[in-house]
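# fold the following for me, if possible:
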Amino acid sequence: AVVRNYSGAGAKQLIDVLEQHKADVEATLRKVPGLLSYTLLHSGEGGLSVTVCKDKAGADESLKVAREWIKKNASNIQANPPIVSEGSVIVEFK
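Okay, the predicted model is just below:
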(Lines give C-alpha, C1' and ligand atoms only; values in the text may rest on other atoms or scores of the structure.)
Protein backbone atom coordinates (compact mmCIF):
# COMPACT_ATOMS: atom_id res chain seq x y z
CA ALA A 1 0.00 0.00 0.00
CA VAL A 2 1.10 3.56 -0.66
CA VAL A 3 -0.11 6.68 1.14
CA ARG A 4 0.63 10.06 -0.42
CA ASN A 5 0.15 13.02 1.92
CA TYR A 6 -0.23 16.33 0.08
CA SER A 7 0.24 19.34 2.34
CA GLY A 8 1.67 22.83 2.31
CA ALA A 9 1.68 25.30 -0.53
CA GLY A 10 -0.65 24.34 -3.38
CA ALA A 11 -1.89 21.12 -1.79
CA LYS A 12 -5.54 22.16 -1.45
CA GLN A 13 -5.61 23.35 -5.05
CA LEU A 14 -4.06 20.09 -6.25
CA ILE A 15 -6.61 17.98 -4.37
CA ASP A 16 -9.38 20.17 -5.82
CA VAL A 17 -8.07 19.48 -9.34
CA LEU A 18 -7.92 15.74 -8.62
CA GLU A 19 -11.51 15.88 -7.37
CA GLN A 20 -12.68 17.82 -10.44
CA HIS A 21 -11.09 15.17 -12.68
CA LYS A 22 -11.94 12.12 -10.59
CA ALA A 23 -13.25 10.12 -13.57
CA ASP A 24 -9.95 10.62 -15.42
CA VAL A 25 -7.94 9.87 -12.26
CA GLU A 26 -9.90 6.64 -11.82
CA ALA A 27 -9.47 5.60 -15.46
CA THR A 28 -5.73 6.30 -15.24
CA LEU A 29 -5.17 4.40 -12.00
CA ARG A 30 -7.30 1.42 -13.06
CA LYS A 31 -4.56 0.69 -15.61
CA VAL A 32 -2.09 -0.05 -12.79
CA PRO A 33 -1.44 -3.81 -12.70
CA GLY A 34 -2.70 -5.39 -9.50
CA LEU A 35 -4.63 -2.34 -8.29
CA LEU A 36 -7.02 -3.36 -5.51
CA SER A 37 -8.27 0.03 -4.30
CA TYR A 38 -7.68 3.77 -4.43
CA THR A 39 -9.04 6.39 -2.05
CA LEU A 40 -8.59 10.16 -2.19
CA LEU A 41 -9.65 12.32 0.73
CA HIS A 42 -9.52 15.94 1.79
CA SER A 43 -7.60 16.83 4.91
CA GLY A 44 -7.57 20.27 6.46
CA GLU A 45 -4.99 21.86 4.19
CA GLY A 46 -4.60 19.30 1.44
CA GLY A 47 -5.35 15.64 1.12
CA LEU A 48 -4.28 12.04 1.21
CA SER A 49 -4.42 9.25 -1.29
CA VAL A 50 -4.28 5.59 -0.34
CA THR A 51 -3.50 3.02 -3.01
CA VAL A 52 -3.55 -0.71 -2.33
CA CYS A 53 -2.09 -3.11 -4.87
CA LYS A 54 -1.43 -6.85 -4.94
CA ASP A 55 2.33 -6.32 -4.83
CA LYS A 56 5.11 -3.74 -4.57
CA ALA A 57 5.48 -3.53 -8.34
CA GLY A 58 1.89 -2.28 -8.61
CA ALA A 59 2.39 0.16 -5.73
CA ASP A 60 5.55 1.50 -7.40
CA GLU A 61 3.69 1.84 -10.70
CA SER A 62 0.89 3.76 -8.95
CA LEU A 63 3.45 6.32 -7.75
CA LYS A 64 4.78 6.73 -11.28
CA VAL A 65 1.30 7.04 -12.80
CA ALA A 66 0.18 9.57 -10.18
CA ARG A 67 3.31 11.68 -10.70
CA GLU A 68 2.80 11.64 -14.48
CA TRP A 69 -0.91 12.53 -14.20
CA ILE A 70 -0.12 15.52 -11.99
CA LYS A 71 2.68 16.66 -14.30
CA LYS A 72 0.35 16.45 -17.31
CA ASN A 73 -2.81 17.89 -15.74
CA ALA A 74 -1.79 20.11 -12.84
CA SER A 75 1.73 21.34 -13.54
CA ASN A 76 0.51 24.92 -13.18
CA ILE A 77 -0.05 24.30 -9.46
CA GLN A 78 3.18 24.72 -7.55
CA ALA A 79 2.36 22.11 -4.91
CA ASN A 80 4.96 20.53 -2.68
CA PRO A 81 5.73 16.90 -3.53
CA PRO A 82 3.74 14.51 -1.36
CA ILE A 83 5.19 12.74 1.64
CA VAL A 84 5.04 9.08 0.60
CA SER A 85 4.65 6.21 3.04
CA GLU A 86 4.45 2.61 1.92
CA GLY A 87 4.33 -0.81 3.44
CA SER A 88 2.70 -4.22 3.48
CA VAL A 89 -0.98 -4.38 4.32
CA ILE A 90 -1.59 -6.20 7.59
CA VAL A 91 -5.38 -6.01 7.86
CA GLU A 92 -7.89 -5.04 5.18
CA PHE A 93 -11.61 -5.59 5.13
CA LYS A 94 -14.50 -4.24 3.10
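
# now do the contacts for the residue lying closest to Ser7 once chain neighbours are set aside.
Excluding its sequence neighbours, the residue lying closest to Ser7 (C-beta to C-beta, 6 or more residues apart in numbering) is Gly46, at 4.4 Å. No exception for glycine: its C-beta is placed from N, CA and C like everyone else's. By C-beta atoms under 8 Å, 6 or more residues apart in numbering, the residues touching Gly46 are Asn5, Tyr6, Ser7, Gly8, Ala11, Lys12, Leu14, Ile15.

# could you give the separation of the lengthiest helix in the chain from the chain centroid?
Longest helix of the chain, by residue count under DSSP state H: helix 56-73. Distance of helix 56-73 from its chain centroid, counting by C-alpha atoms, centre = their mean, to the nearest Å, is 8 Å.

# also stretch 72-81?
With C-alpha atoms, centre = their mean, you get 13 Å for stretch 72-81.

# what lies in contact with stretch 82-91?
The contact list for stretch 82-91, computed with C-beta under 8 Å, 6+ apart, reads Ala1, Val2, Val3, Arg4, Asn5, Tyr6, Ser7, Ser49, Val52, Lys56, Ala59, Leu63.

# neighbour-wise, give me the winner out of those residues.
Neighbour tally across the contacts of stretch 82-91 (other C-beta atoms under 10 Å): the maximum, 25 neighbours, falls on Tyr6.

# from Arg30, how far out is the closest residue to it other than its chain neighbours?
Leaving aside its sequence neighbours, Tyr6 sits nearest to Gly46 (C-beta to C-beta, 6+ apart; 4.2 Å). Per C-beta to C-beta, to the nearest Å, Gly46 is found 24 Å from Arg30.
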